[in-house]
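Novice: sequence below, structure please.
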Amino acid sequence: MTRLLLPEAFGLIALIGTLHTALTLFSDLGIQRSVVREIDGEDSYFLRAAWTVQIIRGAVISAIVVVVGIALFWVGPLANPETVYAAPELPGLVILSAPVMLMQGLTSTNLWVATRHLKQARILVVNVGGQIVAMIAMIAFAQINPSVWALLAGMLVGNLVKLLLSHVLFEGPRMQLVFDREIADRLWVFGKWVLGSSALTFLANNANKLFLAALLDKETFGFFIIAMLWIQAGVTILKHLGDRIGFSAFSEVLRDRPGQIRRVFRKFIRLADGLATVGFLICFFGGPTIIAFLYAPHYQPAGTFMPILSLLILAQRFNIVAMLALSLGNSRAMALASGARTVAICTLVPIGYHYFDVEGALLATIVARLSGAPILMYSVKDTLKHDIREEMIWLVGILTVIVCYNYFG
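Specialist: Numbering: from 1, shown residues only. As a prediction, the model looks like this:
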């Protein structure tokens with residue numbers, strides 16, 4: 001796609017993705033995690049009631065996306081004309097992306113039951129199948145109209161395929177609209193802290209994008225997004241290891257054999273450490289080479305972002321600790337950790353940019369990502385006992401790498 005489209009197209013679609021992520025996380029009730037965690041999480045009635053709540057949420061988010069797009073018709077001209085916020089295509093792109101959120105709301109909750117039972121093969125088929133179809137749609141549309149609209153077309157088609165597959169591939173009850181006040185209240189009791197945590201997680205993870213989108217020109221921001229796509233690949237693998245496999249495994253162990261939780265945690269955290277280290281080394285030392293080999297010459301500046309951003313992959317290993325805390329029912333710790341990251345990123349990124357320009361802002365992002373780790377470690381210390389020392393060593397080690405990069409990188 002980079003040989004068909006200009007860098008700013010990727011910056012625009014990334015901004016839309018950031019908007020979707022914001023609205024999703026600011027309304028996250030933890031429905032998926034409730035299905036995985038609750039004793040009756042695979043009961044047909046519970047699944048249908050949860051699906052109904054999920055649809056209502058998706059419809060509300062879609063409506064908000066349309067309102068935001070309409071507002072951009074008036075706000076966009078006030079932005080710096082060199083930034084993506086002033087792009088004339090942005091309002092229309094936002095409005096036409098609204099069905100994505102509704103489709104995600106219509107996704108069958110049987111998908112989460114598969115997560116509960118660690119049946120990852122079919123989930124992988126849904127995700128990979130959707131991405132492959134999305135890529136085919138993007139390329140086909142780009143042959144007709146080589147613009148950012150091709151990326152939006154792929155986004156819409158890919159999400160439609162995922163929606164359909166979620167209702168076809170997974171065993172479980174046929175989805176029906178069922179509203180149950182008691183189940184809705186249960187979802188809220190567990191989800192209210194998840195909601196706060198998710199909202200703060202968005203700010204902690206995406207404030208740098210919003211900040212840089214306002215400071216960099218459209219082309220440079222596009223280069224940053226291209227680099228982040230590669231970093232995000234490594235981050236996503238670790239996130240899925242924790243969110244989809246680790247959380248389900250921890251919840252099952254705590255339900256059936258709680259005495260083995262430390263052993264299971266060590267298994268997951270060591271796998272995460274190995275993957276994080278490999279991903280970091282590949283992107284740190286080989287990132288510029290990857291960009292030079294795979295992309296057209298005018299995309300080469302994206303390679304300069306790769307080494308510093310690769311530190312985000314190391315920071316992601318603490319997501320396994322977060323999932324252990326959540327499986328223990330401590331969603332409050334998740335919210336507090338996310339709050340610490342949000343405060344840190346809103347404070348450190350402007351300071352880093354002021355003194356060290358873009359590099360300082362990116363290093364501040366990584367430090368902020370780590371700021372919630374002490375809270376998470378404290379929340380699971382009684383469960384991990386002396387194993388918590390290994391987590392402290394990793395935190396100090398990553399901070400040491402950041403300091404060394406700042407002075408010698």
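Novice: burial of L399, as a residue count?
Specialist: 15 (other Cβ atoms under 10 Å). Quick note: C-beta positions are derived from backbone N, CA and C, even for glycine.
Novice: wait, I meant L156
Specialist: L156: 16 neighbours (other Cβ under 10 Å).
Novice: what do you get for F285?
Specialist: Neighbours around F285, by other Cβ under 10 Å: 12.
Novice: tell me the confidence at it?
Specialist: pLDDT for F285: 91.
Novice: so who does it touch?
Specialist: F285 makes contacts with P307, as judged by Cβ atoms under 8 Å, 6 or more residues apart in numbering.
Novice: that one and P307: what is the separation?
Specialist: According to Cβ to Cβ, to the nearest Å, F285 stands 8 Å off from P307.
Novice: ranges for the helices of the stretch 201-350 of the chain?
Specialist: For the stretch 201-350 of the chain, the helices defined by DSSP state H, counting those that start in this stretch cover 218-240, 247-256, 261-294, 306-309, 311-315, 319-327, 331-370.
Novice: indicate which one of these is closest to T201.
Specialist: helix 331-370 (4.5 Å; Cβ to Cβ).
Novice: taking helix 218-240 as reference, get the angle to the closest one.
Specialist: Computed by axes from the mean of the first three to the mean of the last three Cα atoms, to 10 degrees, the angle separating helix 331-370 from helix 218-240 equals 130 degrees.
Novice: and the next helix or strand after helix 331-370, what does it pack onto?
Specialist: Using DSSP states H and E, the helix or strand that follows helix 331-370 in sequence is helix 373-379. In terms of contacts (3 or more Cβ pairs under 8 Å, 6 or more residues apart in numbering; DSSP states H and E), helix 373-379 is packed against helix 319-327, helix 331-370, helix 388-408.
Novice: deepest of those, which one?
Specialist: helix 319-327 (a mean of 26; mean count of other Cβ atoms under 10 Å).
Novice: for that helix, which outside residues touch it?
Specialist: By Cβ under 8 Å, 6+ apart, helix 319-327 touches 33, 37, 194, 238-239, 241-243, 246-247, 250-251, 254, 261, 265, 268-269, 272, 333-334, 337, 373, 376-377, 379-380, 383-384, 391.
Novice: CA atoms only for it, dumped as CSV, please.
Specialist: Taking C-alpha atoms only, helix 319-327 is exported to CSV below (Å, rounded to 0.1, in the frame of the first residue of the first chain):
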residue,chain,number,x,y,z
ASN,A,319,0.7,-6.2,30.6
ILE,A,320,1.0,-9.8,31.8
VAL,A,321,1.2,-8.4,35.4
ALA,A,322,-1.9,-6.3,34.7
MET,A,323,-3.9,-9.3,33.5
LEU,A,324,-3.0,-11.2,36.6
ALA,A,325,-4.3,-8.2,38.7
LEU,A,326,-7.5,-8.2,36.7
SER,A,327,-8.1,-11.9,37.0
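Novice: between that helix and helix 218-240, how many degrees?
Specialist: Going by the same axes, to 10 degrees, helix 319-327 makes 60 degrees with helix 218-240.
Novice: in this structure, which helix or strand is least confident?
Specialist: helix 181-215 (a mean of 71; mean pLDDT, DSSP states H and E).
Novice: from one end of stretch 287-305 to the other, what's the distance?
Specialist: By Cα to Cα, to the nearest Å, the extent of stretch 287-305 from end to end equals 8 Å.
Novice: how near is the closest residue in space to S108 that isn't next to it in sequence to D382?
Specialist: Using Cβ to Cβ, 6 or more residues apart in numbering and skipping the chain neighbours, the partner closest in space to S108 is S166 (4.3 Å). Plainly put, S166 is 38 Å away from D382 if you go by Cβ to Cβ.
Novice: neighbour count winner among the two?
Specialist: For the pair S166 and D382, the greater number of neighbours falls to S166 (24 against 9), based on other Cβ under 10 Å.
Novice: show me what contacts that one?
Specialist: 107-108, 110-111, 126.
Novice: can you check S310 too?
Specialist: Contact partners of S310, counting by Cβ under 8 Å, 6+ apart, are 231, 234, 279-280, 282-284, 287.
Novice: output the below-cut-off pLDDT ranges for the stretch 201-350 of the chain.
Specialist: Counting by pLDDT under 70, not a single residue of the stretch 201-350 of the chain qualifies.
Novice: skipping its backbone neighbours, what lies nearest L12 in space?
Specialist: V148 (4.9 Å).
Novice: just checking, F284 touches G303?
Specialist: No - using Cβ atoms under 8 Å, F284 makes no contact with G303, being 11.7 Å away.
Novice: quick one, helices of the stretch 51-200 of the chain?
Specialist: Counting by DSSP H, counting those that start in this stretch, the helices of the stretch 51-200 of the chain are 90-96, 98-105, 110-116, 120-144, 148-168, 181-215.
Novice: deepest in the core, which of those is it.
Specialist: helix 110-116 (a mean of 22).
Novice: tell me the average confidence for that helix?
Specialist: pLDDT averaged over helix 110-116 gives 81.
Novice: what helices or strands is it leaning on?
Specialist: Counting contacts by 3+ Cβ pairs under 8 Å, 6+ apart, helix 110-116 is packed against helix 31-37, helix 120-144, helix 148-168, helix 247-256.
Novice: take those and lay them out in CSV including distance to L348.
Specialist: Formatted as CSV, the helices and strands packed on helix 110-116 follow (distance: least, Cβ to Cβ, whole Å):
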stretch, distance to L348
helix 31-37, 29
helix 120-144, 33
helix 148-168, 32
helix 247-256, 29
